[in-house]
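Participant: give me a model of this one.
(chains A and B)
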Protein chains: 2
Amino acid sequence: MSSQSINPRIGQAFGPEFSDTSIAETQAILAQAKIGFEAWSTAPIRKRAETLNAIADALDLNSEVLVEIADLETGLGVPRLTGEVGRTSFQIREFAKAINAGRFVTPEIDAAVDAAVPVGHPELIRALSPIGIVVVFGANNFPFAFSVLGGDSASALAAGCAVIAKAHPSHPQTSTRVFEIAAKALADHGFPSGVFSLIYGVEAGVVALKSELVSAGAFTGSRNGGRALFDIAQSRENPIPFYGELGSVNPVVALASGLEDPKTFAASYLDSLLLGNGQFCTNPSILFVPTGSPAISEIESQIAERSPSPFLSPSTKSTHDANRTKLSKILGSQPVKGKSVQGEGLFSAPAIIESTVAQVASNVEALATECFGPTGLVITYSSLPELLSVIDQLEGALAGAVFASADDADAVAVCRAIAQKVGRLAWNSWPTGVAVSIGQQHGGPYPASTSSIHTSVGLHAITRFLRPVSYQSLPKEIAAQLI
Amino acid sequence: MSSQSINPRIGQAFGPEFSDTSIAETQAILAQAKIGFEAWSTAPIRKRAETLNAIADALDLNSEVLVEIADLETGLGVPRLTGEVGRTSFQIREFAKAINAGRFVTPEIDAAVDAAVPVGHPELIRALSPIGIVVVFGANNFPFAFSVLGGDSASALAAGCAVIAKAHPSHPQTSTRVFEIAAKALADHGFPSGVFSLIYGVEAGVVALKSELVSAGAFTGSRNGGRALFDIAQSRENPIPFYGELGSVNPVVALASGLEDPKTFAASYLDSLLLGNGQFCTNPSILFVPTGSPAISEIESQIAERSPSPFLSPSTKSTHDANRTKLSKILGSQPVKGKSVQGEGLFSAPAIIESTVAQVASNVEALATECFGPTGLVITYSSLPELLSVIDQLEGALAGAVFASADDADAVAVCRAIAQKVGRLAWNSWPTGVAVSIGQQHGGPYPASTSSIHTSVGLHAITRFLRPVSYQSLPKEIAAQLI
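Facilitator: This next block holds a predicted model:
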């Protein structure tokens, strides 16, 4: 098996073919990773941070050529991709800064207490150690920020783990180039090649995930793919943590008090819905508006003027189209469409599908159908109890939003209901746009994530790869060399 | 199905029969737990802490009668059980104190940054919310500290979760009495019964663990039982975190420099090995000593003088006896035994089984065989490389120990090797004795735990049940009511 880039704007393959990594090659890479882990995990934090900063600098230096390749492979456009490289290097530097400042990695010293048990105890130093070798499965929709050197790899490397990244088949050239940049910076800093490796193909990824040498997995992508890998990680003889950020149907509720300017509201909704052709895990998949709201006709008339952007890959388009058709059929509602594009490119017209709480309540599958593309489900509700009851039927999601005025008497109840279902609740703002920051939570109840208590974006992401070890009564001279 | 207490000292059943909770009853309890969760999770932290303290006070007040029942059911003895009640109430108060002080539960405020992305971002308040309803499966060897109101329940309740505890069939009377004490304190503080529930029987536990209403599971017990429940939790349509603290074969290494007083060393080893009849998850299962060390003959002569204590249950004894026989057969080494007890009680003579690194290296199953009783494996090594290579073959463990002098040139390498395998490394002290403290880590790589990055003892245990939710740009008046 092999993969080759496809230009989504014209639907044509181009560039070299990338052969899948064989089982033997994967095993050699795993053996190298063990050596890499030993070197990287025992390197001083300062050296680790310095190397991460060098990787970030090298990414920035190569931004132009990286963006050019990625644009041909993904069709996401130069401005967006340039911003994404900046976000990716920023993310790496933020992790480097955090560990350099001792954040997350400073041992917690619990001094001995001289008293009878249960109060008394010996000295305990709780140190956070890198968990081991991590396999990272990147996403197709962020060829930089959630791919080879994205948040999963950056946080795992910052934690002191070795990383084996699987290249996404929809951007193999970008993956390879990014990997080479990082590999060179690591080698320049004297680290062995096993600190960071790249593999190609599903089989190689599965072999790595099943390996006894591997201690954790991380994934961003579809629900089906993520669940399959999660099941592999959990059914190992020794299960390992698998941090999957899977699909998400993100709910947005507009109360009447949040809809005072229907025109602006409709425009900002469509901006968020159609950003990156709707291929965002934080896409505002379901919008709840009051029955009879003027926002609905505004959305209908504005979407007619919206043009499509290309899909990332043929399979992304075909899955989206199938899900849109399914949603339309389940709810018995024809899509209200925007403009089309003719030709061989990977395009579908933007669309919304309208329904009511009564309809979806008897077709709950609709609430769990992620289109991952330029399709929004707009659901009208007629009362607060009806709204709260349908929110209770939602699956877990990465993000949700509430539009209301702060003095709306219903706002708290609606926020509380949404917060039960999501990892992030945005107020009077759309769920797209995930800041890389200490307060970020990008992860929600399943199926949004396989571990709702962790985040894959923001500094807390590093805790996924740190394993606490308590050292009891260790002499100072040993502690100095060990911790 | 039903369960009845057995007095281990005489091997005879006594007291009432406890019928297993039926499926219908379990479903009613789950529905109550949903109501309980709503009340408990939204109660002010101060009220939650006050109620936890009242539960702790009630436990202490009833200590004498609780210990009397538990001693008849477990044979662990009045002094140990009295200490354990104190540890259990202390643990509950420590969690109450932590949340009252805002520890773990204070939201992290990440102020808005007015700059271009990726640096700029809206305000994010990262709050830790209770994950939901938690099912707790207690252990047989700690009828208080790791059972109905043990560390799992205490940390889940402190986090704001509702708890459904499954009674352990080897101490149903103790479980019921402890539950009643907690239930009364909760009712006295105005909380509905669903905050804390008790169920009986494996089937009821499985029904609860599979329920859509449940968000996490916690378990302390055997590897087989824990793995079966872990698999159920992970193969749900929506997998949930399952924190299993399973079996552990804990390695202790004595370097020659740590054996200068073989007599005292042997005595302290046997004290730790035979504490609670060896039925501790931190039992020093495997002791590595240098070939020809005088400690070996000391251990042999001292164990001859040691008397057995009763097993917790008939199945604990039969499993132990079968594993001792298996270990002896695998290694071709007859146990060196202590004293026996005649009669119907659940006793086996204490014993050690001696072997060498060369022998176990070709029979690695021996390194993974937990006897969970008064049996120690003593392995001699002839060189540092041989020792390090056998440590590399060990499975994950809860705790390990190294005995050496601080200026021993080999000590750091040995500590580093052991630390890779364990959650806690004790220096010149035995692994038994797990302090309830902020620096504690009670959890190691599988099979010690199903989640090596979490602890089941100490204050950090609460993080298992807290799910981060980020609130973006929330107005102050809404935040005040919501977070």
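Participant: and the stretch 1-150 of chain A, which residues reach chain B?
Facilitator: Residues of the stretch 1-150 of chain A lying close to chain B by CB under 8 Å from any CB of the partner chain are A:83, A:86-87, A:90-91, A:108-110, A:113, A:117-119, A:121-126, A:129, A:131. (Glycine included, C-beta is placed from N, CA and C.)
Participant: please pick the buried ones from these.
Facilitator: A:83, A:86-87, A:90-91, A:110, A:118, A:121-126, A:129, A:131 (16 or more other CB atoms under 10 Å in any protein chain shown).
Participant: narrow the residues of the stretch 1-150 of chain A next to chain B to those in strands?
Facilitator: Of the positions in the residues of the stretch 1-150 of chain A next to chain B, A:108-110, A:124-126, A:129 sit in strands, assigned by DSSP state E.
Participant: could you tell me which residues of the stretch 201-350 of chain A lie near chain B?
Facilitator: A:215, A:230-231, A:234-235, A:238-241.
Participant: look up how far residue B:249 lies from residue A:332.
Facilitator: Distance from residue A:332 to residue B:249, counting by CB to CB, to the nearest Å: 61 Å.
Participant: the more surrounded of the two?
Facilitator: The neighbour comparison of residue A:332 against residue B:249 (other CB atoms under 10 Å in any protein chain shown) goes to residue B:249, with 26 against 9.
Participant: so the more buried one touches residue B:397, yeah?
Facilitator: Yes. The pair residue B:249 and residue B:397 passes the contact test of CB atoms under 8 Å, sitting 6.0 Å apart.
Participant: circling back to that earlier point, which two from the ones in strands among the residues of the stretch 1-150 of chain A next to chain B end up farthest apart in space?
Facilitator: Largest separation among these by CB to CB: A:110 and A:129, giving 16.6 Å.
Participant: tell me the SS of the residue nearest to residue A:77 when sequence neighbours are not counted?
Facilitator: Distance criterion CB to CB, 6 or more residues apart in numbering or on different chains; nearest residue to residue A:77, sequence neighbours excluded, is residue A:71 at 6.4 Å. Assigned by DSSP: H, G, I helix; E, B strand; the rest coil, the conformation of residue A:71 is helix.
Participant: residue A:71: what's it in contact with?
Facilitator: A:77-78, A:81 (CB atoms under 8 Å, 6 or more residues apart in numbering or on different chains).
Participant: any low-confidence regions in the stretch 201-350 of chain A?
Facilitator: Residue ranges of the stretch 201-350 of chain A with pLDDT under 70: none are present.
Participant: now with 90, please.
Facilitator: Across the stretch 201-350 of chain A, the ranges flagged by pLDDT under 90 are A:247, A:342-343.
Participant: which stretches of it form strands?
Facilitator: A:214-220, A:242-245, A:251-254, A:286-290, A:336-337 (DSSP state E, counting those that start in this stretch).
Participant: can you tell me the closest non-neighbouring residue to the residue of the stretch 1-150 of chain A found nearest chain B?
Facilitator: In the stretch 1-150 of chain A, the residue that lies nearest chain B is residue A:110 (2.7 Å; CB to the nearest CB). Once flanking residues are discounted, residue A:110 sits nearest to residue B:439: 2.7 Å by CB to CB, 6+ apart.
Participant: and that neighbour, that one's in a strand?
Facilitator: No. Under three-state DSSP, residue B:439 falls outside any strand and is assigned coil.
Participant: follow-up on the earlier one: switch the strands of the stretch 201-350 of chain A over to TSV; also include mean neighbour count.
Facilitator: As requested, the strands of the stretch 201-350 of chain A are arranged in TSV below (neighbours: other CB atoms under 10 Å in any protein chain shown):
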stretch	mean neighbour count
strand A:214-220	27
strand A:242-245	27
strand A:251-254	26
strand A:286-290	24
strand A:336-337	18
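Participant: could I get these as JSON lines with distance to residue B:221?
Facilitator: Listed next are these as JSON lines, based on distance: least, CB to CB, whole Å:
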{"stretch": "strand A:214-220", "distance to residue B:221": "24"}
{"stretch": "strand A:242-245", "distance to residue B:221": "24"}
{"stretch": "strand A:251-254", "distance to residue B:221": "39"}
{"stretch": "strand A:286-290", "distance to residue B:221": "42"}
{"stretch": "strand A:336-337", "distance to residue B:221": "56"}
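Participant: for those, which one sits closest to residue A:307?
Facilitator: strand A:336-337 (11.4 Å).
Participant: for the closest one, name the packing helices and strands.
Facilitator: Packing partners of strand A:336-337 (3 or more CB pairs under 8 Å, 6 or more residues apart in numbering or on different chains; DSSP states H and E): helix A:294-303, strand A:351-356.
Participant: give me the contact list for the first one.
Facilitator: Under the contact criterion CB under 8 Å, 6+ apart, helix A:294-303 has outside partners A:254, A:259, A:262-263, A:265-267, A:269-270, A:289, A:336-338, A:350-352, A:354, A:378, A:380.
Participant: hey, C-alpha coordinates of that helix in PDB?
Facilitator: Provided in PDB are the C-alpha atoms of helix A:294-303 (Å, rounded to 0.1, in the frame of the first residue of the first chain):
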ATOM      1  CA  PRO A 294     -36.400  36.000  12.100                       C
ATOM      2  CA  ALA A 295     -32.800  34.500  12.300                       C
ATOM      3  CA  ILE A 296     -34.000  31.500  10.200                       C
ATOM      4  CA  SER A 297     -35.000  33.500   7.100                       C
ATOM      5  CA  GLU A 298     -31.800  35.500   7.500                       C
ATOM      6  CA  ILE A 299     -29.800  32.400   7.400                       C
ATOM      7  CA  GLU A 300     -31.700  31.000   4.500                       C
ATOM      8  CA  SER A 301     -31.200  34.200   2.400                       C
ATOM      9  CA  GLN A 302     -27.600  34.600   3.400                       C
ATOM     10  CA  ILE A 303     -26.500  31.000   2.700                       C
END
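Participant: just want the angle from it to strand A:351-356.
Facilitator: Angular relation of helix A:294-303 and strand A:351-356 on a 0 to 180 degree scale: 160 degrees, by axes from the mean of the first three to the mean of the last three CA atoms, to 10 degrees.
Participant: hmm, back to that, farthest pair in the buried ones among the residues of the stretch 1-150 of chain A next to chain B?
Facilitator: Of all pairs in these, the most separated under CB to CB is A:83 and A:118 at 54.0 Å.
Participant: chain neighbours aside, what residue packs nearest to residue A:184?
Facilitator: Spatially, and ignoring its direct neighbours in sequence, residue A:184 is nearest to residue A:58 (6.9 Å; CB to CB, 6+ apart).
Participant: helix, strand, or coil at residue A:444?
Facilitator: With three-state DSSP as the criterion, residue A:444 reads coil.
Participant: so it touches residue A:396, yeah?
Facilitator: Yes. At 4.7 Å, residue A:444 counts as touching residue A:396 under the criterion of CB under 8 Å.
Participant: mind listing the shared neighbours of the two?
Facilitator: Shared contacts of residue A:444 and residue A:396, counting by CB under 8 Å, 6+ apart, come down to A:248, A:421-422, A:452.
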